[in-house]
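In: With the sequence up front, the predicted model follows.
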Amino acid sequence: MGKNAFERALARLDQAANHVEIPAETFKRLHFPKAILSVSIPVRRDDGSLEVYQGYRVQHSDLLGPCKGGLRYHPDVDLDEVKALAFWMTCKCAIMNLPYGGAKGGVAVDPKDLSMLELERLSRGFIRRIADFIGPEVDIPAPDVYTNERIMGWMMDEYSDVVRRRSPAVITGKPLALGGSAGRAGATGRGGYFCLRELARERDWKAEDIRIAIHGFGNAGQSIARLLHEDGYKVVAVSDSCGGIINKEGLDIPEVIKGKTAGRKVEQVYCQDSVCDQDGVDVISNEELLTLDVDVLIPAALDDVITGDNAGDIRADVILELANGPTTMEADRVLDERNITVIPDILANAGGVTVSYYEWVQNRTGDYWSEDEVDQRLEKRMREQFAAVMELADDLELSFREAAYCLALKRLSAAAEAMGTQALFNGKN
Ligand code: NAD
């Protein structure tokens, strides 16, 4: 039987453990999620009928602090996927030196099938079911695929009702008016942009010579596209769930964003338009986009899109993983052999959780920062941790991905050792 998503995610850890000396028990701890909650959420549809949805929250580790991670609404959500995503959050928070462990949650639902009011009832119902499991000092959710700041606002409000006190710090990625942070909405893309800028500095790139393709044009994809376009990079292709578009001279990114979101009205949560509705561009498939002749490929949609089947056809020199888990291990081996640089998800998309952390700090202190201050703090942290991963990769002659996992393991290990490992308890330390 093939490995499930969680087992496949852990295989990266097993690989990294060969390169760093850490107590075997740190490693053992990370193979088991701390706690798992599975819930059913009854939702009254607008026509009066009742639908029941399956939801999950997984706390993978709280070694470094309260658990932290997003909530996803997608028909493919299942427990193994949520466990894998929670594990990646543990690693990501460790790499960014955040005082957080890892968690993730999700509901198996196609949210585009629901009306606005049904979506609100589902979101509030989910929070009522998991309210005892989460909390500002325990486990703090955030947005992920097909959830957004409006949904986070409903969830914070519902949690506050359940515990009978206003609790903005229970959830991040909220609207500004409900205690959100300036700079949170674009933070995932901005964090990835800072990584790419560091690499560009290393490689002496000229922005106008670099062609970029972006797979997935939602929160993360749009925000990095905008920043790269402003710097003069040529974003030649982007795609969404309906397909992709290409213009070899570079797309007019603000126009594409305007076009994609034009159909979004106040009473809608999801935009109805696709990038494919754009004028003056050629339409391509998502598969074609992944293998375009570009310098940088940015997967920014879902997991497992670069696989053993298409890794040999990838023509980009650099892959910046904004999505979680877009590259399988089999693909990794092929990309490595072909000397394609991969900036791994647990570093490249860590800007989101970093600014979520800033939001949480602001909620807890009541001291709110300007967007400039948030961006500057994010830039400093991304540059520092990017440098730390690069240094480890150089020292140990590893890929960026292996080095990132080694860095996470070292930091998680320090926490486990501080509580005592076998060496302490049998008197050898
Ligand atoms: P989103 O819902 O805003 O956007 C997802 C995009 O992917 C949409 O444009 C959608 O049309 C597209 N898409 C869906 N199915 C597709 C398919 N089969 N092929 C191509 N495109 C497809 O989600 P997001 O928040 O931008 O998240 C995207 C990725 O980034 C996810 O892997 C998520 O886990 C990761 N991520 C997001 C955050 C965050 O703060 N939002 C943080 C870290 C990582």
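Out: Okay, I see it.

In: and the host helix or strand of residue 228, what other elements does it pack with?
Out: For residue 228, the host element (DSSP states H and E) is helix 219-230. Packing contacts for helix 219-230, counted by 3 or more Cβ pairs under 8 Å, 6 or more residues apart in numbering; DSSP states H and E, involve helix 187-203, strand 211-215, strand 234-240, helix 253-261. (Each C-beta comes from the backbone N, C-alpha and C, glycine too.)

In: For the stretch 251-400 of the chain, which residues are neighbours of the ligand?
Out: Contact residues (Cβ under 6 Å from any ligand atom) of the stretch 251-400 of the chain with the ligand: 286, 300, 301, 302, 322, 323, 324, 349, 352.

In: Counting only helices, which of those residues make the cut?
Out: Among those, the residues falling in helices (DSSP state H) are 286, 352.

In: Tell me the one among the residues of the stretch 251-400 of the chain next to the ligand nearest to residue 7.
Out: If you rank these by distance to residue 7 using Cβ to Cβ, residue 324 comes first, at 16.2 Å.

In: right, and that closest one touches residue 349 too?
Out: Yes: here residue 324 reaches residue 349: they are 6.7 Å apart, a contact under Cβ atoms under 8 Å.

In: By mean pLDDT, show me the worst of the helices and strands packed on helix 219-230.
Out: Ranked by mean pLDDT, the helices and strands packed on helix 219-230 end with helix 253-261 at the bottom, a mean of 89.

In: Show me which positions of that helix end up buried.
Out: Going by neighbour count (16 or more other Cβ atoms under 10 Å), the buried part of helix 253-261 is 253, 256, 257, 259, 260.

In: mind giving me TSV with the residues you listed and columns for distance to residue 309?
Out: Below are the buried residues of helix 253-261 laid out as TSV (distance: Cβ to Cβ, whole Å):
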residue	distance to residue 309
253	30
256	29
257	31
259	32
260	29
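
In: in the stretch 101-250 of the chain, what residue is nearest the ligand?
Out: Closest to the ligand within the stretch 101-250 of the chain is residue 218: 1.7 Å, counting by Cβ to the nearest ligand atom.

In: For that residue, which residues are in contact?
Out: Shown in contact with residue 218 (Cβ atoms under 8 Å, 6 or more residues apart in numbering): 145, 240, 300, 301.

In: of all those, which two lie farthest apart?
Out: 145 and 240 (12.1 Å).

In: How many residues are close by the closest residue in space to residue 247 that isn't next to it in sequence?
Out: Once flanking residues are discounted, residue 247 sits nearest to residue 281: 5.1 Å by Cβ to Cβ, 6 or more residues apart in numbering. Neighbours of residue 281 under the rule other Cβ atoms under 10 Å: 21.

In: Quick check: pLDDT value at residue 281.
Out: Looking at residue 281, its pLDDT stands at 80.

In: quick one: contacts for it?
Out: Contacts of residue 281 by Cβ under 8 Å, 6+ apart are 245, 246, 247, 251.

In: would you put the C-alpha positions of stretch 414-427 in PDB?
Out: What follows is stretch 414-427 as a C-alpha-only set of coordinates in PDB (Å, rounded to 0.1, in the frame of the first residue of the first chain):
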ATOM      1  CA  ALA A 414      17.000  22.300  21.600                       C
ATOM      2  CA  ALA A 415      13.500  22.500  23.200                       C
ATOM      3  CA  ALA A 416      13.200  18.700  23.700                       C
ATOM      4  CA  GLU A 417      16.700  18.600  25.200                       C
ATOM      5  CA  ALA A 418      15.900  21.500  27.600                       C
ATOM      6  CA  MET A 419      13.200  19.200  29.100                       C
ATOM      7  CA  GLY A 420      15.600  16.300  29.400                       C
ATOM      8  CA  THR A 421      16.300  13.400  27.100                       C
ATOM      9  CA  GLN A 422      17.500   9.900  27.900                       C
ATOM     10  CA  ALA A 423      21.000  11.100  28.600                       C
ATOM     11  CA  LEU A 424      19.700  13.300  31.400                       C
ATOM     12  CA  PHE A 425      17.500  10.600  32.900                       C
ATOM     13  CA  ASN A 426      20.100   7.900  33.000                       C
ATOM     14  CA  GLY A 427      22.600  10.200  34.500                       C
END
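
In: Next, the buried residues of it.
Out: Residues of stretch 414-427 classed as buried: 415, 416, 417, 421 (neighbour count, 16+ other Cβ under 10 Å).

In: how distant is that stretch from the center of its chain?
Out: Per Cα atoms, centre = their mean, to the nearest Å, the displacement of stretch 414-427 from the mean C-alpha position of its chain is 32 Å.

In: Residue 22: neighbour count?
Out: With other Cβ under 10 Å as criterion, residue 22 counts 20.

In: Give me the spatial nearest neighbour of it, chain neighbours excluded.
Out: Distances taken as Cβ to Cβ, 6+ apart place residue 413 nearest to residue 22, at 4.1 Å, with adjacent residues excluded.

In: contacting residues for that neighbour?
Out: Listed by Cβ under 8 Å, 6+ apart, the contact set of residue 413 reads 20, 22, 23, 26.

In: and if we set it to 10 Å?
Out: 20, 21, 22, 23, 25, 26, 27, 29, 30, 63, 94, 421 (Cβ atoms under 10 Å, 6 or more residues apart in numbering).

In: just residue 125 next, same as before
Out: Taking Cβ under 10 Å, 6+ apart as the test, what residue 125 contacts is 39, 40, 41, 42, 43, 44, 52, 53, 55, 107, 158.

In: Nice, that's everything, thank you.
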